[in-house]
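Asks: Sequence plus the predicted model coming up.
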Amino acid sequence: MGHARAALACPTRVGYRGSVKKTGGHRVLRVATVAWSALLGALGCASERPGGPATVTVSGSVLGAEGRILRRQLERFDRETPDIRVEMRPTPDAADLRHQLYVQWLNARATDPDILQVDAIWTPEFAAAGWILPLDRFAPDTAAFFPVTIEANRWRGDLFALPWFVDVGMLYWRTDLFSEPPETWDALERAVIPIVAGGSPRYGLVWQGARYEGLVTVFLEYLGGFGGRILDGDRVTVQEPPGVLALTTMRDQIHRTGVVPRRVLTWHEEEPRFAFQNGEAALMRNWPYAAGPMQDSTQSRVAGRFAVAPMPAGPGGRHTAAFGGAQLAINAFSPEAAAAWLVIEYLTRPEQMLERASIVGQFPTRTAVYDDPALADALAIPPAQARAIVEAAVPRPVTPVYTQLSEILQIQLHRALSLQAEPRDALARAGSEMQALLDRAGLGRGGVAVR
């Protein structure tokens, strides 16, 4: 990380807008000056260098409502902080393409963009590569955020990204078919089997079962429901009894009980949404984005007739939601790191999160925002339900080689679910290959432990 520190240059001419209300111009100016001087001192900068406003570039999604709200907030920041000029750097909206672009830029030590919108599973990868800066030097108020959102963004004890908005897997259930959401897998199956047998709706539970990252997140929720984990520190544990029980449950729901239709094995996010939205499914596992369109009575047959809850749990486990969402990180090669931090601090304030929730429907990462009555009008689902699910969230393995681990697991999960292998055998192979990968990367203990 030596080159990362060297890249942390003092800003050319940067202003700081304090959080003090404008009740007295001189007092605000004095607080802003003291706060900014303290930040410069912490970074080892004796004084501001002469020149024009610092330019900070922000990269990420700029499509649709996400792009509109980001532009609005950055324009407001520009007006309130004249010594920093912010520019947007559009990137592909598809996560895999954005990841590829970031890797190309950062591997080439590009200084632009200064701020990166990153997926939670990228944070340890970029941190271990020395591509993003540790943020602890800026003293972020980590206690204000949900613990899982901070945990997912730490690597080797340091915080490398600040959580911007939360994505979590959740159970959508029909309030006209159930009086309450099923708490356990046994309860779900008892309730759903008669419904499916009656033919209306035609499906019981639908989820993302194609061979891609979405399948891993679904499995993670079943796995946590039985008390298991994919990794325990530097040891692969996915092949242990909770993992076998979780994958066997998924397989049996498809091929034995018929609770889950076989066609989910080719489905991504949108196919389950359309099935549930069109009234063809009693239950659905999906992300928060689905709630908005499904509450629109002009296009949804279940508008006003569904609610959300954490996924069910089994013996020895707990309700589990796969954690996702966006984080904001600072390019390690940026010459404007201090100014970039001020932009990140602004974008992750409670008022910006509330506005983002009202425009885009994305869940805030700060716990206090869920106590704001205005959030009820902003989200398509009640904030109390959303908070309960976020509190059940767990991160996917926080490791620089997560992408490669996931690819191994995807293959073996799908083989078991399509009856090409027994769950125990599939997970044993996955566990062996995953541990070998960790060991080669210097991140493992040299063997797979089996209880």
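Replies: That came through fine.

Asks: secondary structure class for Phe276?
Replies: The three-state label for Phe276, taken from DSSP: H, G, I helix; E, B strand; the rest coil, comes out as helix.

Asks: Which residues are in contact with the closest residue to it other than its chain neighbours?
Replies: Distances taken as C-beta to C-beta, 6 or more residues apart in numbering put Met284 closest to Phe276, at 4.0 Å, once the chain neighbours are dropped. For glycine as for every other residue, the C-beta is placed from the backbone atoms N, C-alpha and C. By C-beta atoms under 8 Å, 6 or more residues apart in numbering, the contact list for Met284 reads Leu171, Tyr172, Leu205, Val206, Trp207, Pro272, Arg273, Ala275, Phe276, Ala290.

Asks: shaky segments in the stretch 1-150 of the chain?
Replies: Scanning the stretch 1-150 of the chain for pLDDT under 70 picks out the ranges 1-51.

Asks: now the strands: where do they sit in it?
Replies: Remark: strands assigned in the stretch 1-150 of the chain by DSSP state E, counting those that start in this stretch are 54-60, 84-90, 115-119.

Asks: cool, and the stretch 201-350 of the chain?
Replies: Using DSSP E, counting those that start in this stretch, the strands of the stretch 201-350 of the chain run over residues 203-206, 231-232, 235-236, 281-286, 306-309, 321-330.

Asks: can you check the stretch 351-451 of the chain too?
Replies: Under the criterion DSSP E, counting those that start in this stretch, the stretch 351-451 of the chain carries strands at the ranges 363-364, 393-394.

Asks: distance of the residue lying closest to Val62 once chain neighbours are set aside from Leu63?
Replies: The spatial neighbour of Val62 that comes closest, neighbours along the chain excluded (C-beta to C-beta, 6+ apart), is Pro90 at 4.5 Å. Distance, Pro90 to Leu63, by C-beta to C-beta, to the nearest Å: 9 Å.

Asks: OK, contacts around Phe276?
Replies: For Phe276, counting by C-beta under 8 Å, 6+ apart, the contacting residues are Tyr172, Val206, Leu283, Met284, Asn286, Ala290, Met294, Val302, Phe306.

Asks: Could you point out which of these is nearest to Leu70?
Replies: For Leu70, the nearest member of those is Ala290. The distance, counting by C-beta to C-beta, is 21.8 Å.

Asks: Run a quick neighbour tally on Arg387.
Replies: Burial of Arg387 is recorded as 18 neighbouring residues (other C-beta atoms under 10 Å).

Asks: so it touches Val369, yeah?
Replies: No: judged on C-beta atoms under 8 Å, Arg387 makes no contact with Val369 at a distance of 9.5 Å.

Asks: give me the number of residues near Glu183?
Replies: Using other C-beta under 10 Å, Glu183 has 13 other residues around it.

Asks: Next up, the contacts around the closest residue to it other than its chain neighbours.
Replies: Computed as C-beta to C-beta, 6+ apart, the closest residue to Glu183 that is not its neighbour in sequence is Pro312, at 6.1 Å. If a contact means C-beta under 8 Å, 6+ apart, then Pro312 has Leu171, Pro182, Glu183, Thr184, Trp185, Ala187, Leu188, Gly225, His319 as its contacts.

Asks: which secondary structure element contains the first one?
Replies: In this assignment (DSSP states H and E), Leu171 forms part of strand 170-174.
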